[in-house]
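>>> here is a sequence together with a model predicted from it:
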Amino acid sequence: MDAPNSASAVLRLQYEALLRAAWLVYVANPAQISKLGQDLTQKAELAAKNLPGASEMLAKVLEAAPQGLTAHLAEFNQYSRHALNSYVHSGIHPLRRVREGFPEEMALQLIRISNGLMHMAYRMLATLTGSQRRMNKVTGLYEQFTDCCPMKPAA
């Protein structure tokens, strides 16, 4: 609500949360998972800093996760992550948006991307349940609303 620069920064966080979830499900070993499950202490915080960053997580996820997830993560990384980094760190993009305004089509595209990331998060949840019925329902919902999503779901 009247905060498009902040919303853009949150979109980057949304992507990284999905990426970390995919990394935890498809790549992380038990010791890495344990680091994130500790009580929040200074020691635990320091240990968690040794986990892979976004680029390394993405590379590993692209090797191990289903193509239906990796296609979306790779697309976001290629076209959106770096520009949205500017919003997180108060770079050129948000400064230009303050100066020139936030174009409606850009706002609509960001909403589509956010919807796509949420869809992928729901697909991961459906996968974790082991229920093909739930997965089919999530896929069906995406197909009903492709006009407000970034791309068609991969098979």
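It's in.

>>> going forward, measure contacts between C-alpha atoms and count neighbours the same way
Fine.

>>> could you say which helix or strand contains the residue nearest to V88 when sequence neighbours are not counted?
For V88, ignoring the flanking residues on the chain, the nearest one in space by CA to CA, 6 or more residues apart in numbering is A9 at 4.9 Å. In this structure, A9 is located in helix 4-26 according to DSSP states H and E.

>>> buried residues in the helix or strand following that helix?
Of the helices and strands lying after helix 4-26 in sequence (DSSP H and E), the nearest is helix 30-37. By 16 or more other CA atoms under 10 Å, the buried positions in helix 30-37 come out as 32-33, 35-36.

>>> can you point out the buried residues in the very next helix or strand once past helix 30-37?
The helix or strand immediately downstream of helix 30-37 is helix 42-48, counting by DSSP H and E. For helix 42-48, a neighbour-count test (16+ other CA under 10 Å) marks A48 as buried.

>>> give the next helix or strand downstream of helix 42-48.
helix 54-64.

>>> ok, residues contacting that following helix?
The contact list for helix 54-64 (CA atoms under 8 Å, 6 or more residues apart in numbering) reads 16, 19-20, 22-23, 26-27, 70, 73-74.

>>> what about whichever strand or helix holds Y142, average pLDDT?
Here Y142 sits within helix 132-144, counting by DSSP H and E. Per-residue pLDDT over helix 132-144 has a mean of 90.

>>> begin at 710, not 1, for the rest of this chat.
Okay, using 710 as the starting number, the last item reads as helix 841-853.

>>> show me what that helix is packed up against.
helix 813-838 (3 or more CA pairs under 8 Å, 6 or more residues apart in numbering; DSSP states H and E).

>>> next, the angle helix 713-735 makes with the helix it packs on.
Orientation check (axes from the mean of the first three to the mean of the last three CA atoms, to 10 degrees): helix 813-838 against helix 713-735 gives 20 degrees.

>>> now do the buried residues in helix 813-838.
Neighbour-count burial for helix 813-838, counted by 16+ other CA under 10 Å, picks out 819-835.

>>> what's that helix packed up against?
In terms of contacts (3+ CA pairs under 8 Å, 6+ apart), helix 813-838 is packed against helix 713-735, helix 776-785, helix 841-853.

>>> quickly, which of these bottoms out on average pLDDT?
For the helices and strands packed on helix 813-838, mean pLDDT drops lowest on helix 776-785, to a mean of 87.
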